[in-house]
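Trainee: here is the input, now give the coordinates:
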Amino acid sequence: MEIVVLWIGAVVLVPFFWLLGEGRKKLGSWNLSVQDQRDFFTGFFGIIILNALLYPLSLVLRGDSTLPETRAAISLALPWVVNLALLIFFAFYRRWIAQGALALIGFLLVWVILAGVFFFASCFVIIIIGGILGSCLGGH
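Mentor: Modelled structure (predicted):
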């Protein structure tokens, strides 16, 4: 059981740390001012904080006395509307905040795709190793 946890942890963490290193290199090559770097990281980490606050708010909206269809629509649409509205606003007025938010979204998408590819490939490697060990140990 522990080996499975270590395997899945490695499959998830290897792409994460690789992407962090590549992101540092790319951000360093942009030669941003201190204010632009602050705006970029505000957008990057601000989207995480914003959505962490929107989640309990959407849960509260599900529990009020409105119609169930209305509650579901509001609680599902609230994060989308708020995120898109802020992204559009910052795209026009503080461009580096919007780019930081988009960088986080891109980072998370690439991370999930790479972790899935590594997991898929590692499953084949484990099956092949299992077949080799099984045949060496007298299996069929």
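Trainee: helix or strand for the residue nearest to residue 94 when sequence neighbours are not counted, which one?
Mentor: Ranked by CB to CB, 6 or more residues apart in numbering and with sequence neighbours excluded, the top spatial neighbour of residue 94 is residue 39, at 5.7 Å. For the C-beta atoms, the positions are set from N, CA and C on the backbone; glycine is no exception. Using DSSP states H and E, residue 39 maps to helix 34-62.
Trainee: now do the very next helix or strand once past that helix against helix 34-62, angle only.
Mentor: Using DSSP H and E, the helix or strand that follows helix 34-62 in sequence is helix 68-93. With axes from the mean of the first three to the mean of the last three CA atoms, to 10 degrees as the basis, helix 68-93 and helix 34-62 are set at 170 degrees to each other.
Trainee: use 10 as the first number for this chain going forward.
Mentor: New numbering, starting at 10: the last item is helix 77-102.
Trainee: in helix 77-102, what counts as buried?
Mentor: 80, 84, 92, 95, 96, 99 (16 or more other CB atoms under 10 Å).
Trainee: pretty sure the residue nearest to residue 103 contacts residue 102?
Mentor: No - Residue 48 lies out of contact with residue 102 (CB atoms under 8 Å); the separation is 10.6 Å.
Trainee: what residues are up against residue 128?
Mentor: 17, 20 (CB atoms under 8 Å, 6 or more residues apart in numbering).
Trainee: fine, thanks again, bye for now.
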